[in-house]
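J.: Got a sequence here, can you build the structure:
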Amino acid sequence: MRRDRGSISIFHNLRGMLNKYLAYFVVLASCFLLGGGIYLLVYRPGIFIRGAGGLGVTFIYRGDTLSQLTLEGFFVGFMYLIALTGLFIMVRSRRFIDNPSRMTRDFFIGFSLAIIGSLLIFMIGYWKVPYLYGRIFGI
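T.: Just a heads-up that it's a prediction; the model follows:
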């Protein structure tokens, strides 16, 4: 008895696509949770508050590390996503070992994204509680 190879191929391709999208979902969910997603879901804070700035509003809740605003949580989650994307690009740059210029370019793009994302996460923490970071890092 002969098997129909077409149906096996379709299921194999479907499983590969499912794994790929599941991996994307896990990365996005992780970034949402690292950005304070559970706090956002439970407490439902406001998006903006009155503060200094050109528009008279701010999205960073200053002075307290235990509170955050909705836009701040999404911003921090997005910064984690940028940093993880940079790390992913750095790892994937090894695929182009036969093309050194592309490998070097991809590595530096990934490194730049990882550094920018990490520095922006650090700066959000500094903007929230400057006296804490000043004592730790001598800023």
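J.: What is the burial count for the closest residue to Arg102 other than its chain neighbours?
T.: Distances taken as Cβ to Cβ, 6 or more residues apart in numbering put Phe96 closest to Arg102, at 4.5 Å, once the chain neighbours are dropped. Placement of C-beta: from N, CA and C, glycine included. When neighbours are defined as other Cβ atoms under 10 Å, Phe96 has 15 of them.
J.: which ones are touching Phe96?
T.: By Cβ atoms under 8 Å, 6 or more residues apart in numbering, Phe96 lies in contact with 102-103, 106.
J.: Among these, name the buried ones.
T.: The neighbour-count test (16 or more other Cβ atoms under 10 Å) marks 103, 106 as buried among the contacts of Phe96.
J.: which residues sit in contact with the most centrally placed residue in the chain?
T.: Geometric centre of the chain, nearest residue: Leu81, 1.6 Å, by Cα atoms, centre = their mean. Taking Cβ under 8 Å, 6+ apart as the criterion, Leu81 is in contact with 27-28, 31, 117.
J.: quick revisit: among the contacts of Phe96, which are in helices?
T.: If you go by DSSP state H, the contacts of Phe96 have 102-103, 106 in helices.
J.: which among those gets closest to Phe74?
T.: Asp106 (27.6 Å; Cβ to Cβ).
J.: how close does the residue lying closest to the closest one once chain neighbours are set aside sit to Leu69?
T.: Spatially, and ignoring its direct neighbours in sequence, Asp106 is nearest to Ser93 (3.7 Å; Cβ to Cβ, 6+ apart). The gap separating Ser93 from Leu69 is 36 Å, by Cβ to Cβ, to the nearest Å.
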